[in-house]
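Enquirer: Here is my input; please provide its structure:
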Amino acid sequence: MEKQSSYTYDIIQVCLLAGKVMLQNGGETYRVEDTMTRIADACGAINSNSYVTPTGIFFSLEGPELSTQLIRISERTTDLDKVTKVNSISRRISSGDLSIQDAHIELDRLDKMTERYTFPKQLIAAAIASGCFLIMFQGSWNDFLPAVIAGGGGFFSVNFFNRLVPVKFFSEFLASFVIGLLAVLFVSTGLGEQLDKIIIGSVMPLVPGLLITNAVRDLMAGHLISGLSKGAEAFLTAFAIGAGIALVVSFL
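Expert: Predicted coordinates:
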């Protein structure tokens, strides 16, 4: 009985850890629940129940003794590579190629893994992407460099302000304000031509594209609470970006 209870505890820990890694790194709510259920089923725990929200995961196993645990999700980022690796671990468990103990070790290592790309690399990528977005929106090549600088400055600002004030809304608002100031500075000094195109290209790295996509997919899958909460978070981000730009433009 004690051995069975220990095995049940291991199953719950692996399922919660898998769900945590996926949810913290951009996985959709329905995908998190499906992965946890598949892992539990593969381990012989057929009567499993999971309830996932953007801020927490509830998971329970029914048996001789009902066992339920909760894990809190306080930080979320985007790393779809980790989501893919959790799916791979889940499939290996289902096929019998990975034991529950080894799966816990691999998931724990994956959870503690730091970002694959350093901040300077992310900054360069965001800056170049800003210039490319400007061209995609039919901007002038003369504005490519201003968009690169403004986009890089905005991406640097959102990370800098987020460390000073750990409130996502204010960091995004201040970052978009910086982008607006840089764009106006380039146009006023003659280094830039189209103010609107520079601003649009520069704010694109801040736009919550994945969050909007996940909100829609969760709503379509019937996860109304998660879909609405993610949609609200995406709306606040969009509002913060728009408010920061509007504040700069209002002084023109």
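Enquirer: R109: neighbouring residues, count only.
Expert: Other residues near R109 come to 9 when the count uses other Cβ atoms under 10 Å. No exception for glycine: its C-beta is placed from N, CA and C like everyone else's.
Enquirer: Give the other helices and strands that the strand or helix carrying it contacts.
Expert: Assigned by DSSP states H and E, R109 belongs to helix 100-112. If you count contacts as 3 or more Cβ pairs under 8 Å, 6 or more residues apart in numbering; DSSP states H and E, helix 100-112 packs onto helix 2-24, helix 80-95.
Enquirer: now the closest residue to L247 other than its chain neighbours: how far from L98?
Expert: Spatial nearest neighbour of L247, excluding adjacent residues (Cβ to Cβ, 6 or more residues apart in numbering): F177 at 6.0 Å. Per Cβ to Cβ, to the nearest Å, F177 is found 49 Å from L98.
Enquirer: swap in D41?
Expert: 15 Å.
Enquirer: Compare the two and say which one has the larger neighbour count.
Expert: Set side by side, D41 and L98 show more neighbours around L98, with 18 against 14, by other Cβ under 10 Å.
Enquirer: Using the three-state scheme, assign the more buried one.
Expert: Here L98 is recorded as coil under DSSP: H, G, I helix; E, B strand; the rest coil.
Enquirer: quick one: contacts for it?
Expert: Applying Cβ atoms under 8 Å, 6 or more residues apart in numbering to L98 gives the contacts 89, 92, 106.
Enquirer: Give me the pLDDT for it.
Expert: Looking at L98, its pLDDT reads 86.
Enquirer: domains for this protein, by residue range?
Expert: 2-112, 119-249 (automatic domain parsing).
Enquirer: okay, these, which one's buried deepest?
Expert: domain 119-249 (a mean of 19; mean count of other Cβ atoms under 10 Å).
Enquirer: Distance from that one to the middle of the chain?
Expert: 15 Å (Cα atoms, centre = their mean, to the nearest Å).
Enquirer: what's the average pLDDT for that domain?
Expert: 90.
Enquirer: what about that domain, how long is it end to end?
Expert: Taking Cα to Cα, to the nearest Å, domain 119-249 runs 30 Å from one end to the other.
Enquirer: what's the answer for stretch 127-146, then?
Expert: Using Cα to Cα, first and last residues of stretch 127-146 are 10 Å apart.
Enquirer: And for it, what's in contact with it?
Expert: Counting by Cβ under 8 Å, 6+ apart, 147-152, 154-155, 182-183, 186-187, 191-194, 197-198, 200-202, 204-205 sit against stretch 127-146.
Enquirer: ok, the residue nearest to P205 when sequence neighbours are not counted - contacts?
Expert: Spatial nearest neighbour of P205, excluding adjacent residues (Cβ to Cβ, 6+ apart): A126 at 4.1 Å. Residues in contact with A126 (Cβ under 8 Å, 6+ apart) are 151-152, 154-155, 205.
Enquirer: can you do 10 Å?
Expert: By Cβ atoms under 10 Å, 6 or more residues apart in numbering, the residues touching A126 are 148, 151-156, 158-159, 202, 204-206.
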